[in-house]
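[1] Predicted structure and sequence below. I'll ask about it afterward.
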Amino acid sequence: MIGRLLLRDLALLMPGGRRGGALLPLLFFLAVAMLYPFAVGPDAPLLARTGGGVIWVAALLAAILPLDRLVAPDLAEGVFDQLAVRGVAEELAIAVRMLAHWLSFAPLLLLATFAAAALLGLGQETLRTVLLGLLAGTPGLAAIGVLIAALTASLRGGAALAGLLLIPLSVPILIFGAGALARPDGGGLAFAAAISLLLVAVTPFAAGAAIRAARES
Amino acid sequence: MQAMLAARDLACRRGERLLFRGLSLALSRGEACHVAGPNGIGKTSLIRILAGLLRPFHGSVECRASIGLLDERHALDPQVPLDRALAFWSELDGSGASLMAAHRERLGLADLADVPVRYLSTGQRKRAALARLLGQRAPVWLLDEPLNGLDTAGTELVETLIAEHRAAGGACVVASHQPIRLTEGTRLEITDFAA
């Protein structure tokens, strides 16, 4: 059953998927990496020093883009209700959705990071730290995305609110993930991974409760 | 005989308003109940309470069998072709593709298999949701306004499907403001329980 849920979620969310627009976050991410050198000018040392941080900000903003497609359509169509009468807990459906969301943006984002690193002229060492940081941080970003999508799904103007809510919640991942660029000891990466794990663990329960609360409204 | 679905002393509150109270209901195998009443009286809320999706303000619901729910939200992905949208549910419910094809045929959707759900008309979507319900093979049916959007032939088909479901030992609660023919079914006027 988990497999069937995952297949459906992937068919809806993956690039070229049925809910469309899954390539937009990726293009957005690359667009930021492409525009940044034009904005600050052709100063190679400056770009190499700040580029890692720019990639992080671009990744974070790219993770916001698909939020309105994550939970709201299923809530409006009654999919969670039909799953509930079949005994499928909201928590399980959300956990599967979280995995599908991560698969739909993170692997491509990591690939695009190579292109972004080339555009910004990052060194090998920085690229490695950024990749490891994104690997540690993106599960957390996926969890935050699903959590916020569930919390705002039944609200009017939820999409705009979702974007604002993501910023404070993702700051810890950003601080430690991007902070790893300045500290060579790997402590930042470990912290980013720990925060990610915590978010991944909490999100199914919080988002499941949000979906049940949305039924009462 | 033990009731498949029993609700005791239900009360429902939406916001600050108490919609109904003191409502009890019990259905055994083969029984049906028509929940009637004007708009906004709490028919949908009652169905959702019976389905376990809404907590009652007071009282309890006990259900001994799995529930099939049909309401205004059909849970069929709008962008997906009809047969794929139905296949997701029939696979989840463990009923085969050929059985689902038979249900589709029965409901007059045979030619629409590869049409995306969003291009279907209101009545066709309702028929598709009925196909999903049939594929679920749940003993207890909770139908919220099942006749909305259906033509005369569709209405008769729903009445026949309910009769067949009951003959096979199922129970059925139908909430509808429209008249619906249920042989030897009970009728429950929510206005009698209005707070």
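    Alright, I've got the coordinates. Residues are numbered from 1 along each chain as shown, chains lettered A, B, ... in the order given.
[2] And the average pLDDT for the helix or strand harbouring A:L189 is what?
    According to DSSP states H and E, A:L189 maps onto helix A:187-216. Helix A:187-216 carries an average pLDDT of 93.
[3] Is it in proximity to chain B?
    Yes. Against chain B, helix A:187-216 shows contacts by C-beta under 8 Å from any C-beta of the partner chain at A:R215, A:E216. To be clear about C-beta, it is placed using only N, CA and C from the backbone, and glycine gets the same treatment.
[4] Output the contacting helices and strands for that helix.
    helix A:90-120, helix A:124-152, helix A:158-179 (3 or more C-beta pairs under 8 Å, 6 or more residues apart in numbering or on different chains; DSSP states H and E).
[5] three-state assignment of residue 69?
    No chain was given, so I picked chain A. Classification of A:R69 using DSSP: H, G, I helix; E, B strand; the rest coil returns helix.
[6] try again with chain B
    Classified using three-state DSSP, B:L69 is strand.
[7] give me the number of residues near A:I211?
    A count of nearby residues for A:I211, using other C-beta atoms under 10 Å in any protein chain shown, gives 23.
[8] Please name the residues that touch the closest residue to it other than its chain neighbours.
    Excluding the flanking residues, the one nearest A:I211 by C-beta to C-beta, 6 or more residues apart in numbering or on different chains is A:E90, at 4.7 Å. With contact taken as C-beta atoms under 8 Å, 6 or more residues apart in numbering or on different chains, A:E90 is in contact with A:F80, A:L83, A:A84, A:A207, A:G208, A:A209, A:I211, A:R212.
[9] Of the residues you listed - the most surrounded one?
    A:A207 (27 neighbours).
[10] quick one: average pLDDT of stretch B:108-118?
    Mean predicted lDDT for stretch B:108-118 stands at 91.
[11] typo on my end, stretch B:59-75
    Rounded mean pLDDT across stretch B:59-75 is 91.
[12] Any buried residues in it, and which?
    Within stretch B:59-75, the residues that count as buried by 16 or more other C-beta atoms under 10 Å in any protein chain shown are B:G59, B:V61, B:C63, B:I67, B:G68, B:L69, B:L70, B:D71, B:R73, B:H74, B:A75.
[13] near chain A, from the residues you listed?
    Within the buried residues of stretch B:59-75, those near chain A by C-beta under 8 Å from any C-beta are B:I67, B:G68, B:L69, B:D71, B:R73, B:H74, B:A75.
[14] What's the separation between the fourth one and A:F176?
    So that's B:D71. Note on B:D71: its distance to A:F176, by C-beta to C-beta, to the nearest Å, is 45 Å.
[15] Kindly report the same for the first one.
    Per C-beta to C-beta, B:I67 is found 46 Å from A:F176.
[16] Please apply the same query to the second one.
    Distance, B:G68 to A:F176, by C-beta to C-beta: 48 Å.
[17] Make CSV out of the helices and strands packed on helix A:187-216 and add distance to B:R106.
    Below are these laid out as CSV (distance: least, C-beta to C-beta, whole Å):
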stretch, distance to B:R106
helix A:90-120, 30
helix A:124-152, 37
helix A:158-179, 39
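[18] Single out the most deeply packed of these.
    helix A:124-152 (a mean of 23; mean count of other C-beta atoms under 10 Å in any protein chain shown).
[19] tell me which strands and helices that one is in contact with?
    Using 3+ C-beta pairs under 8 Å, 6+ apart, helix A:124-152 sits against helix A:44-64, helix A:67-70, helix A:90-120, helix A:158-179, helix A:187-216.
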